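> have a look at this fold, sequence not included:
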Ligand code: ADP
C-alpha cells in the first residue's frame, strides 16, 4: 500500500522507510508538517506515519487536519513519539490517530505494530467497500422507486401504513409521510378499504400474492388503481407485513371501457344488419314465392302453346331474378360474417350429376363440348360437408365458362391432392376455350361487384358477385380459388377444398323421376288432412293449390293462433307452418301445438323465406321436424311431404 511518512530525523526516516519497503509498501517521505499535509491532499494514502515533533506544524495538527478532510476517515494514522509522559497517548488518540510508535524503535515491536496496522487498514478498506456498495445499492433502489410511476408501501394486517418507500408523489392528495400510522379505513372510502383488507387477509391465509382493483374519486376525477399485494417474509415479533404496489390503471380502464362501448355498438350494428337481412330475405322471397307459385299453377292449367311459351319465359325470368336475390343475400351474409356451412353426408358424384343436369342443356344450346376428366375414385367418395354450397361454386364457375365461351369446350377436372383416413384435399378445375381474361383484370374479379368489362356497352350480363361468393365459400372449406387465363385462348378457374370423409354407410338419397312425387302423393296419400298456416293471401293460394292438386285436404290458418285453435279441434297428418305471421308466429305456435295431447309426434314442417341457417335451427329447437325454403319448389315440397307422411305410417 501507499504509505506517507512524515519524519524530520533522516536516520529515523531511513530506518522506517527500509522496514516499510521490506514489508512491500511504497513509501513517500517528507520532512515537515506542511509538506506532509500538502502531500496527503494530493494523493490518497491508506497509511500515514507522522512524527509528533516536526518543523512548522506538528504531527498532531497534521493528524487533526487529515481527520477533518472528507477522505481522512479512510486512512490509518500512526504517530511517532519519544514522549512517554502520562497523557501523551491520550493526546495522540484525541488528535484522531489510531496508534503510536515509540522512539527509539525496537524493530521486532515495530514490525508487530505495523502488522496490526496493516491488518486494520485491510479491514478498513473492506468495510469501506461494503459500505459504499450498500450506499450505492440504496441509492439505486431509491432512484428506482423515485422513477416508478406507481406507489409502493408497506401495510400490516389491519391495513395500517408502515412505510411509504413510495415515490415523492402524493397519494390521495396527502403527502406520503402523513399517511404513516393511519389505516386504509382512515384514507380510503369504505368499499375500497374493505377490498384492500380482504386482499390482505387472503394473502395472509394463502401465503400467495394477491391482486385487486379499487375505484377512487381523486381530485383529477374517477380513478382506478390496481393493487399487487405480496407477503413480506414473516418476522414473528412484527406480525404479518405486506408490500403493496399500487398502479394507476385509469388510462387502461378508460381504454377498456371505450373498447367495450365500441364493441357493443358494433354488435348492435351487426344485429341490426342481421335483422335487416332476415327481413329483406323475407320481403324478397315472399313475393317471389307468389310469382313463381302462380306461374306454376298457370302452367298446370294452360293448354294454349303461346301461353305455355310465355309462362315458361316468365318462369325463366323469375328464376334469374331469384338467382340474383340469392347472390345479393349471400354477399350480404358474407359481409356480416354470417355465412356458415352445413355438415351433412353426401356423395361427390351426386353433386356432379346435379351440376350436369343444370348445365348440359345450355352447353348443347351453344354447341359446346362438355368434357369430364375425373380421378376415378372421386365420384364414389362420400364426404361430410355442404353439398349445396360445393355445388354452388361449381355452378358459378361452369356457368361463367358457358357464358364467356362461344366455340370449343368446357372441361371439368377433379384430382385428389391428398387422401388421408380422415379427409381429402380436392382440386377441381373448370377450363374453357373462351374469351380469356387480361392479366391486369384477373385479380380484381374475385372482389365483389367487379367484372372484366365494366363499360355501359358490356355484352355479358351478371352481377359480378359469383366469384366473390365462390372465393369465400372455398375459403370456408379450407381451400383456395384462382385463375390461369390467356386472352383469346381461354381460362381455367381452379379451386381446392378440404372435405372430411364420411363413414356413414352409403345411403342413396331417394330420387324421383320428374312429376313422380306428385303422382305418388296423389295415389298414396289422397284425402290426407293437413294444416297449412300461412298469412300472405297469394302464398295461401299457391300453397293450397299445390297441396290440393296432389290430392291432400287442406285446412288453412291465417296466423299461429288460428293454427293452434285448429290443431286443438282436429287431428292432422302433418302441419306446414309459416315462420313470420301476425298474432302468433310459427315458432310460438309450434311450441304450443307440441304441448297439446296427441300432437307430440305430428310432423310440423317450417315454410320459411328467411335467409339464415340459424333460422332453421330456431325451427328445430321449437320442435319442428323439417324446413322448406321459399320460394317453394313444387317437386321438393312433394318429396318432403311423402318422406314425412311415410314416416308417420311406419
Ligand atoms: P358475373 O359473371 O355475374 O359478372 P362473377 O363474379 O362470376 O360475376 O365474374 C366476374 C367477372 O369475371 C365476369 O363479369 C367476367 O368479366 C369475368 N369472368 C369470370 N369467369 C370468366 C370466364 N370463364 N372467362 C372469361 N371471363 C370470366
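On my side now, so go ahead. Small disclaimer: the values here were computed from a predicted structure and weren't measured. Residues are numbered from 1 along each chain as shown.
> show me which residues of the stretch 51-200 of the chain are close to the ligand?
Applying the criterion C-beta under 6 Å from any ligand atom, no portion of the stretch 51-200 of the chain neighbours the ligand. No exception for glycine: its C-beta is placed from N, CA and C like everyone else's.
> show me the helices in the stretch 51-200 of the chain, by range?
With DSSP state H, counting those that start in this stretch as the criterion, the stretch 51-200 of the chain has helices at 59-68, 88-94, 107-147, 184-187, 190-206.
> show me what the longest one is packed up against.
For helix 107-147, the elements it packs on are helix 10-22, strand 47-51, strand 76-81, strand 99-102, judged by 3 or more C-beta pairs under 8 Å, 6 or more residues apart in numbering; DSSP states H and E.
> what helices or strands is the second one leaning on?
Secondary structure elements in contact with strand 47-51, counted by 3+ C-beta pairs under 8 Å, 6+ apart, are strand 2-6, helix 10-22, helix 33-42, helix 59-68, strand 76-81, helix 107-147.
> at 10 Å instead, please
Strand 47-51 sits against strand 2-6, helix 10-22, strand 26-30, helix 33-42, helix 59-68, strand 76-81, strand 99-102, helix 107-147, with contacts defined as 3 or more C-beta pairs under 10 Å, 6 or more residues apart in numbering; DSSP states H and E.
> what of the longest one?
Using 3+ C-beta pairs under 10 Å, 6+ apart as the contact criterion, the secondary-structure elements in contact with helix 10-22 are strand 2-6, strand 26-30, strand 47-51, strand 76-81, helix 107-147.
> can you rerun that using 8 Å?
Judged by 3+ C-beta pairs under 8 Å, 6+ apart, helix 10-22 is in contact with strand 2-6, strand 26-30, strand 47-51, helix 107-147.
> for that helix, buried residues please.
Neighbour counts over helix 10-22 (16 or more other C-beta atoms under 10 Å) mark 12, 13, 15, 16, 17, 19, 20 as buried.
> can you check the third one too?
By neighbour count, and taking 16+ other C-beta under 10 Å as the criterion, the buried residues in strand 76-81 are 76, 77, 78, 79, 80, 81.
> residues making contact with it?
With contact meaning C-beta atoms under 8 Å, 6 or more residues apart in numbering, strand 76-81 is reached by 7, 12, 16, 46-52, 59-60, 63, 66-67, 88, 92, 95-103, 113, 117, 120-121, 124.
> now do 7 Å
7, 46-52, 59-60, 63, 66, 88, 92, 96-103, 117, 120-121, 124 (C-beta atoms under 7 Å, 6 or more residues apart in numbering).
> find the closest residue to the ligand in the stretch 201-350 of the chain.
Relative to the ligand, the nearest point of the stretch 201-350 of the chain is residue 327 (7.6 Å; C-beta to the nearest ligand atom).
> which stretch of helix or strand covers that residue?
Here residue 327 sits within helix 305-335, counting by DSSP states H and E.
> after that helix comes which helix or strand?
Using DSSP H and E, the first helix or strand after helix 305-335 is strand 344-347.
> in a markdown table, list the helices of the stretch 51-200 of the chain along with distance to residue 331 and mean neighbour count.
Listed next are those as a markdown table, based on distance: least, C-beta to C-beta, whole Å; neighbours: other C-beta atoms under 10 Å:
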| stretch | distance to residue 331 | mean neighbour count |
| --- | --- | --- |
| helix 59-68 | 91 | 21 |
| helix 88-94 | 100 | 15 |
| helix 107-147 | 56 | 12 |
| helix 184-187 | 59 | 17 |
| helix 190-206 | 51 | 16 |
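> and residue 270, what is it in contact with?
For residue 270, the contact set (C-beta under 7 Å, 6+ apart) comprises residue 336.
> against residue 648, how distant is it?
41 Å (C-beta to C-beta, to the nearest Å).
> again, but for residue 255
Separation of residue 255 from residue 648 (C-beta to C-beta) stands at 60 Å.
> the two - which one has more neighbours?
Neighbours per residue, other C-beta atoms under 10 Å: of residue 255 and residue 648, the larger number sits with residue 648, 14 against 11.
> wait, a helix at that one?
Yes: counting by DSSP: H, G, I helix; E, B strand; the rest coil, residue 648 is located in a helix.
> do you know how far it is from residue 636?
Following C-beta to C-beta, the distance that separates residue 648 from residue 636 is 19 Å.
> next one: phi and psi at residue 525?
For residue 525, the backbone dihedrals (degrees, to the nearest 10) come out as phi -130, psi 20.
> can you pull the contacts of the nearest residue to it once chain neighbours are set aside?
Nearest residue to residue 525 in three dimensions, chain neighbours excluded: residue 645, at 5.2 Å (C-beta to C-beta, 6 or more residues apart in numbering). Shown in contact with residue 645 (C-beta under 7 Å, 6+ apart): 525, 528, 573, 574.
> then residue 570?
Here residue 570 is in contact with residue 555 (C-beta under 7 Å, 6+ apart).
> the same query, at a cut-off of 8 Å, please.
Each residue near residue 570 by C-beta under 8 Å, 6+ apart is listed here: 529, 531, 555.
> the last one reaches residue 529, doesn't it?
The reference is to residue 555. Yes: assessed by C-beta atoms under 8 Å, residue 555 is found in contact with residue 529 at 6.9 Å.
> and for those two, which residues touch both?
Residues touching both residue 555 and residue 529 (C-beta under 8 Å, 6+ apart): 570, 572.
> what are the contacting residues of stretch 114-122?
So stretch 114-122 is contacted by 1, 19, 20, 23, 46, 47, 76, 78, 98, 99 (C-beta under 8 Å, 6+ apart).
> let me know the average pLDDT across that stretch.
The average pLDDT within stretch 114-122 is 88.
> ditto for stretch 398-409
94.
> same question for stretch 452-470.
Across stretch 452-470, pLDDT averages out at 75.
> got it, and stretch 478-487?
The pLDDT scores in stretch 478-487 average 94.
> what's residue 182 in contact with, if anything?
With contact set as C-beta under 8 Å, 6+ apart, residue 182 has these partners: 160, 161.
> separation between it and residue 241?
16 Å.
> pLDDT score for the residue lying farthest from the centre of the chain?
For the chain, the C-alpha farthest from the mean C-alpha position belongs to residue 85; by C-alpha atoms, centre = their mean, that distance is 90.0 Å. Listed pLDDT for residue 85 reads 73.
> which parts of the chain sit against the ligand?
Near the ligand, when you scan the chain using C-beta under 6 Å from any ligand atom, you find 396, 400-401, 404, 432, 434-435, 437, 445, 451-453, 462-468, 491.
> and residue 313, what does it touch?
Residue 313 neighbours (C-beta under 8 Å, 6+ apart): none.
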